[in-house]
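Enquirer: just need the structure, nothing else, for what follows:
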Amino acid sequence: MLASVLGMIRNGTTHIAVATDHVIESFRNKLWPGYKTSAGVPRDLLAQFHLLEEVLSAAGIAVWPMIKFEADDALAAGAAAAVRKKRVKQVIVCTPDKDLAQCVTGTRVVQLNRRTSVTLD
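Expert: Numbering: from 1, shown residues only. As a prediction, the model looks like this:
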């Protein structure tokens, strides 16, 4: 995550926000039995979220730690808010999660999978 954020800054990204899932479970678990949980996620991985948030915050990066909603919800809301500003030329949602493709709007809001270097528009 840190390497991705630093790479974006080196490549000229001017505004960055990182959303994290503090609690994997959300209101969706009550709506759909079997919805994803933190079961099976290694404890040492879950423990890294707080450290990641501290490091990003110290670097001046906006951090959105999600508790009642999921990180995807924050990314979608952030993209919707940013694209309403006329001075924003493009919003890049960086995630491999295909669910966020619903945020894509032409070339104004695009989705980048940094692992595969594929951009959806």
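Enquirer: mind giving me the packing neighbours of the longest helix anywhere in the chain?
Expert: For the chain, the longest helix by residue count, based on DSSP state H, is helix 71-83. Applying 3 or more Cβ pairs under 8 Å, 6 or more residues apart in numbering; DSSP states H and E, we find helix 71-83 packed against strand 17-21, strand 62-66, strand 91-94. Glycine gets a C-beta too; all of them are placed from N, C-alpha and C.
Enquirer: for these, which one sits closest to Gly78?
Expert: Comparison of these against Gly78 by Cβ to Cβ identifies strand 17-21 as nearest, at 5.5 Å.
Enquirer: ok, and for the closest one, which residues are buried?
Expert: For strand 17-21, burial by neighbour count (16 or more other Cβ atoms under 10 Å) applies to Val18, Ala19, Thr20, Asp21.
Enquirer: now stretch 1-12
Expert: In terms of neighbour count (16+ other Cβ under 10 Å), stretch 1-12 has its buried residues at Val5, Met8.
Enquirer: was I right about Asp121 contacting Val110?
Expert: Yes: with contact defined as Cβ atoms under 8 Å, Asp121 and Val110 form a contacting pair (4.6 Å).
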